[in-house]
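K.L.:
Predicted model and sequence follow; I will ask about them next.
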Amino acid sequence: MSIKKQKRINEAMKLLSPQYRTTPFDPKFNIHNSIKHELAKCKVIYDLKKRGKVVYAEAIFKNGSRADIFIPEDYQVIEILHSETQSEALTKEEYYPFSLDIIFKTTNEILK
């Protein structure tokens, strides 16, 4: 990993809550989500890891918001939609740190 890439990851990691403790690529299941949602999350994590990305699941930010998947190098959050619509999920955007790009993907899109 290049120094530039690591510095970018380190800067983005400052957005996380100090109470958030996990290792990269740990799927961190949320039993309140459907099994389809959790399987989709695992597939996304797997695909990102294959591409050399560092990812965190169920990442908790300093303001208390929680992301399905956080990609610190790209300053991105991936939200997986199963039971909620995209318009419902858009309300989450205001809770994430402003510097992050939010990507919405449906479970059907991921698991096809």
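P.N.:
Received it, and whenever you're ready, just let me know what you need.

K.L.:
got a list of what the residue nearest the centre of the chain touches?
P.N.:
Nearest to the mean C-alpha position of the chain, counting by CA atoms, centre = their mean, stands residue 69 at 1.3 Å. Applying CB atoms under 8 Å, 6 or more residues apart in numbering to residue 69 gives the contacts 41, 44, 45, 48, 55, 56, 57, 59, 77, 78, 80. Placement of C-beta: from N, CA and C, glycine included.

K.L.:
in the longest helix seen in the chain, what counts as buried?
P.N.:
Longest helix of the chain, by residue count under DSSP state H: helix 35-50. Going by neighbour count (16 or more other CB atoms under 10 Å), the buried part of helix 35-50 is 37, 38, 39, 40, 41, 44, 45, 48.

K.L.:
Not counting sequence-adjacent ones, nearest residue to the last one?
P.N.:
Excluding its sequence neighbours, the residue lying closest to residue 48 (CB to CB, 6 or more residues apart in numbering) is residue 55, at 4.8 Å.

K.L.:
any idea how far that neighbour lies from residue 98?
P.N.:
Distance of residue 55 to residue 98, computed by CB to CB, to the nearest Å: 21 Å.

K.L.:
re earlier: may I ask which helix or strand encompasses the residue nearest to the centre of the chain?
P.N.:
Assigned by DSSP states H and E, residue 69 belongs to strand 66-71.

K.L.:
Likewise for residue 23?
P.N.:
In the assignment (DSSP H and E), residue 23 maps to no helix and no strand.
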